[in-house]
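Peer 1: My questions concern the predicted model and sequence given below.
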There are 2 protein chains.
Amino acid sequence: MTETAVGSSAVGNAAQSKSEQAYAAVKARIVEGTYTPGYRLVLAKIAEDLGFSVVPVREAIRRLEAEGLVKFERNVGATVSGIDPTEYLYTMQTLSIVEGAATALSAPLIDSVAIARARAVNQEMRECLEHFDPVRFTALNQDFHSVLFEHCPNPHILDLVHRGWNRLASLRSSTFRFVPGRAQESVREHEALLQLIENAADADTIEKAARQHRAATLDAYLAQAKQ
Amino acid sequence: MTETAVGSSAVGNAAQSKSEQAYAAVKARIVEGTYTPGYRLVLAKIAEDLGFSVVPVREAIRRLEAEGLVKFERNVGATVSGIDPTEYLYTMQTLSIVEGAATALSAPLIDSVAIARARAVNQEMRECLEHFDPVRFTALNQDFHSVLFEHCPNPHILDLVHRGWNRLASLRSSTFRFVPGRAQESVREHEALLQLIENAADADTIEKAARQHRAATLDAYLAQAKQ
DNA sequence: AAGTACGAAATCGTATACGATAACTATGGC
DNA sequence: GCCATAGTTATCGTATACGATTTCGTACTT
């Protein structure tokens, strides 16, 4: 349940069109890592696997292309798009901005129950650090932020956050693995963020903290990459 | 030239696929106002107009749907999506955030030539106010901001800005017409923004000013709508 | 042996065809 | 006269088919 793509229009699946199904199916495979970056997405093959024809599959792939999850080349085909360092920077920078805004907008709407829930998740993350469970850590990290954003009053902004997450999904938990100490820091920042929200800090402070939380991960990655 | 949709991948049209052409054609018609909100986009009709078949047209429409320019209903069809007050709020709020970030990121890269160009555009906007030419005013407004963002180092953020603009395009110049005095104020804010950039103000200050510039337009609209 | 040219295979791009669904219209019952 | 219902039409959704383009392998030339 923690392994699904995030942010797909989560309505009931009443009478989904095949293109929707294909979209969801391929997206899920990319996000959960079945299709790794560079994987070649052949329309005919996917169509056969799903039992559909190529037209809806093509539509699904183009949609995923628009979200940046696959790279599509005319008359050549689609591949799952990896994220090179530059793309990673762009994505993280954008995320830092939209997450900052999302957090600031959500903060006044987060009740004590949600705070407690987030805190519990964060506690579990701490435990993951001790047992060294990066996969679960990353999933919990998503849960943590989901609680924060759950009530974001602006769906457009929330959508941008989700897109960024999915974009990063294929290299999930990379920073946890590759940047020593960052995860510990991240957990501390989470707690600090919760306290700011609890104390009803002004929007600007919360925005900056949330933005910094993401930016710090990026910086840690960049510093490491430079070595 | 000022009337075209903004931000479409502006590479040479070498061997564009029909779905690309259809996308561009329909998008242009929406942005320039040929297809007004509520206009019913019948696949077969558009296909015939363009001389294509329905499949690429369908793909184009779905793509426009993803950008929020059209509303698509299963087994019913597509209509050009108007923006109701709520949508307008969401869009403007999102724009204020991404434009703020885009401006702050671009500021250090804007040279004196670009500043002069922007200032000239802003001067012309002033003249439009005297002659009461809202259409040209809006076009110039786009030009002004284009100069500012031209060198935004993060293409993802720039893309988000463009999307917001296209989203607003169908009700372009509305605030100029409907909110008295706002346009004058806007021109003044432009000049203030230019001075901040010239003086190499810190990123935070610039971001806040740019964000406020957009937020003020939204507020003016909301205040007016409430009456 | 390396490079080039040609041909075959794979794959995409789109037209056409037909089935499915929803909107519309006309008819009959109350 | 108004509402419910059946039939018709419009439109979408997708399968299939085929042409277009690229890629890959092979044979030929130097």
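Peer 2: Received the coordinates, thanks.
Peer 1: and the host helix or strand of residue A:217, how far from the chain's centre?
Peer 2: Using DSSP states H and E, residue A:217 sits within helix A:203-226. How far helix A:203-226 lies from its chain's middle: 15 Å, per C-alpha atoms, centre = their mean, to the nearest Å.
Peer 1: buried stuff in that helix?
Peer 2: For helix A:203-226, the neighbour count (16 or more other C-beta atoms under 10 Å in any protein chain shown) marks A:206-218, A:220-221 as buried. Using the backbone N, CA and C atoms, a C-beta is placed for each residue, glycine as well.
Peer 1: can you list the residues that contact it?
Peer 2: A:85, A:88-89, A:92-93, A:95-97, A:99-105, A:107-108, A:174-175, A:178-179, A:182, A:185-186, A:189-190, A:192-193, A:196-197 (C-beta atoms under 8 Å, 6 or more residues apart in numbering or on different chains).
Peer 1: And for stretch A:119-126?
Peer 2: A:137, A:140, A:141, A:143, A:144, A:147, A:183, A:187, A:190, A:191, A:194.
Peer 1: List the buried residues for that stretch?
Peer 2: A:119, A:121, A:122, A:125, A:126.
Peer 1: nearest spatial neighbour of the most centrally placed residue in chain A, skipping sequence neighbours?
Peer 2: Taking C-alpha atoms, centre = their mean, the centroid of chain A lies closest to residue A:165, which sits 1.7 Å from it. In space, and not counting its chain neighbours, residue A:165 is closest to residue A:6: 5.2 Å by C-beta to C-beta, 6 or more residues apart in numbering or on different chains.
Peer 1: what's the pLDDT at the nearest residue to residue A:108 once chain neighbours are set aside?
Peer 2: Nearest non-adjacent residue to residue A:108, counting by C-beta to C-beta, 6+ apart: residue A:200, 7.3 Å away. Here, the pLDDT recorded for residue A:200 equals 93.
Peer 1: From residue B:68, how far out is the nearest residue to residue A:100 once chain neighbours are set aside?
Peer 2: For residue A:100, ignoring the flanking residues on the chain, the nearest one in space by C-beta to C-beta, 6+ apart is residue A:211 at 3.4 Å. Distance of residue A:211 to residue B:68, given as C-beta to C-beta, to the nearest Å: 25 Å.
Peer 1: Flag every residue of chain A that's near chain B.
Peer 2: Chain A comes close to chain B at residues A:15, A:17, A:19, A:55, A:58-59, A:62-63, A:66, A:74, A:90-91, A:93-94, A:97-98, A:101, A:154-157, A:160, as judged by C-beta under 8 Å from any C-beta of the partner chain.
Peer 1: Count the neighbours of the residue nearest to residue A:169 when sequence neighbours are not counted for me.
Peer 2: Computed as C-beta to C-beta, 6+ apart, the closest residue to residue A:169 that is not its neighbour in sequence is residue A:31, at 4.3 Å. The tally of other residues near residue A:31 (other C-beta atoms under 10 Å in any protein chain shown) stands at 22.
Peer 1: wait, doesn't residue A:31 sit right on residue A:166?
Peer 2: Yes - using C-beta atoms under 8 Å, residue A:31 is in contact with residue A:166, at 5.9 Å.
Peer 1: okay, now the domains of chain A?
Peer 2: Following automatic domain parsing, chain A resolves into domains at A:18-80, A:85-226.
Peer 1: low pLDDT regions in chain A?
Peer 2: A:1-4, A:7-15, A:170-178, A:227 (pLDDT under 70).
Peer 1: please redo it, this time with the cut-off set to 50
Peer 2: A:1-2, A:9-13, A:173 (pLDDT under 50).
Peer 1: So which bits of it are right by DNA strand D?
Peer 2: For chain A, the contact set with DNA strand D under C-beta under 7 Å from any atom of the strand comprises A:17, A:18, A:19, A:47, A:52, A:53, A:54, A:55, A:56, A:75, A:76.
Peer 1: Surely residue A:108 touches residue A:201?
Peer 2: No - contact between residue A:108 and residue A:201 fails when scored by C-beta under 8 Å: they sit 10.4 Å apart.
Peer 1: Which one of these two is surrounded by more residues?
Peer 2: Neighbour count, other C-beta under 10 Å: between residue A:108 and residue A:201, residue A:201 has more, with 17 against 12.
Peer 1: Would you double-check that the more buried one falls in a strand?
Peer 2: No - Residue A:201 is assigned coil when assessed by DSSP: H, G, I helix; E, B strand; the rest coil, not a strand.
Peer 1: The residue in chain A that DNA strand D sits nearest to - how many residues pack around it?
Peer 2: Proximity of chain A to DNA strand D (C-beta to the nearest atom of the strand) peaks at residue A:53, 2.4 Å away. The tally of other residues near residue A:53 (other C-beta under 10 Å) stands at 13.
Peer 1: Now do the contacts for it.
Peer 2: Going by C-beta under 8 Å, 6+ apart, residue A:53 touches residue A:47.
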